[in-house]
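Engineer: Have a look at this fold, sequence not included:
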């Protein structure tokens, strides 16, 4: 049961604590040094146990694994109550295993008895957030920083950060998709495509990598796009020419006019939805996949497309 209580390390840091630094045995004399002082910067979990306690033998290793996985976001101190009865009495330990979490020198959370692994994970994650960190070792912060770099045009720096994240977490689909997009931003289309093709099956199916693949396809098309002005003039002479409409949409997208490209494709779909095996609809979905789901262009485009499909 939960106990009502009273009242970090950065991503990629070269001094990431080892397991020996994160988890240690404590006692009454070292409690201030091992728990209270460190808790002023990072949450510290205290596991009260005893050698004869069956549930302790299950909970202890599970806690240690979770703390190690948090990569410095929390620390852990193990207290043998048989050897530290005075401390156990001061903290009113009535049964074991009992776990307290300290932050800023005070107990902030805790529980009694063995709990499932899923609950341990939630417990650790909550403490990590309390400490201003995350149970992923700061990867989420690094990912956000890389995305900001990419938005600001620092594609090379973003690529380095995405790659560093993948060294820590090779299955991070968001970082993998970001790395592909960074190479696209650097006009390294071949490398972007090579990365997309090298993705593991699990990562390749992610929405982030699917979006990056869509951007690669659009970039390939942009390299072959004709001049917008010439295509506009051609369409003015032959307003019902589906090929010219499609080519104009491609050119508009290549020039950065995504909304214009979507509207032109929607006009083509309205004119002849079956033209070239439904090319207008397929191209629309490629553009939608390349954008964020809540992008206003996507939302408006999907609404208009749906109204025509179900009209």
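Structural biologist: Yep, it's here. Because the structure is predicted, anything quoted here is derived from the model rather than measured. Residues are numbered from 1 along each chain as shown.
Engineer: Only C-alpha atoms from now on, for both contacts and neighbour counts.
Structural biologist: Noted.
Engineer: so where is this structure shaky, pLDDT-wise?
Structural biologist: Flagging of the chain using pLDDT under 70 yields the residue ranges 1-20, 131-138, 311.
Engineer: From residue 129, how far out is the residue of it most remote from its centre?
Structural biologist: Within the chain, residue 237 marks the point farthest from the mean C-alpha position, 49.2 Å out by CA atoms, centre = their mean. Distance, residue 237 to residue 129, by CA to CA, to the nearest Å: 62 Å.
Engineer: Same question for residue 242.
Structural biologist: The spacing between residue 242 and residue 129, counted by CA to CA, is 54 Å.
Engineer: And this structure, what are its domain boundaries?
Structural biologist: 19-130, 139-220, 228-309 (automatic domain parsing).
Engineer: ok now the first one, how far from the chain's centre?
Structural biologist: For domain 19-130, the distance between its averaged C-alpha position and the chain's averaged C-alpha position is 28 Å (CA atoms, centre = their mean, to the nearest Å).
Engineer: Isn't residue 210 up against residue 287?
Structural biologist: No. Applying CA atoms under 8 Å, one finds residue 210 not in contact with residue 287, separated by 11.4 Å.
Engineer: Neighbour count: those two, which is higher?
Structural biologist: Legend: neighbour count by other CA atoms under 10 Å for residue 210 and residue 287, higher for residue 287 (23 against 18).
Engineer: The helix or strand where the more buried one lies - contacts with which helices or strands?
Structural biologist: Assigned by DSSP states H and E, residue 287 falls within helix 279-290. Packing partners of helix 279-290 (3 or more CA pairs under 8 Å, 6 or more residues apart in numbering; DSSP states H and E): helix 207-223, helix 258-271.
Engineer: tilt between the shortest one and helix 279-290?
Structural biologist: It stands for helix 258-271. 150 degrees (axes from the mean of the first three to the mean of the last three CA atoms, to 10 degrees).
Engineer: What of the first one?
Structural biologist: Counting by the same axes, to 10 degrees, helix 207-223 lies at 130 degrees to helix 279-290.
Engineer: Now the element after the host helix or strand of residue 107, going C-ward?
Structural biologist: Element membership of residue 107 [criterion: DSSP H and E] is strand 106-112. The helix or strand immediately downstream of strand 106-112 is helix 117-130, counting by DSSP H and E.
Engineer: which helices and strands sit right next to that next one?
Structural biologist: helix 54-69.
Engineer: do that again at 10 Å, thanks
Structural biologist: strand 44-49, helix 54-69, strand 98-103, strand 106-112 (3 or more CA pairs under 10 Å, 6 or more residues apart in numbering; DSSP states H and E).
Engineer: which secondary structure elements does the helix or strand following it contact?
Structural biologist: Tracing the chain C-terminally past helix 117-130 and defining elements by DSSP H and E, one meets helix 139-151 next. Judged by 3+ CA pairs under 10 Å, 6+ apart, the packing partners of helix 139-151 are helix 155-168, helix 173-185.
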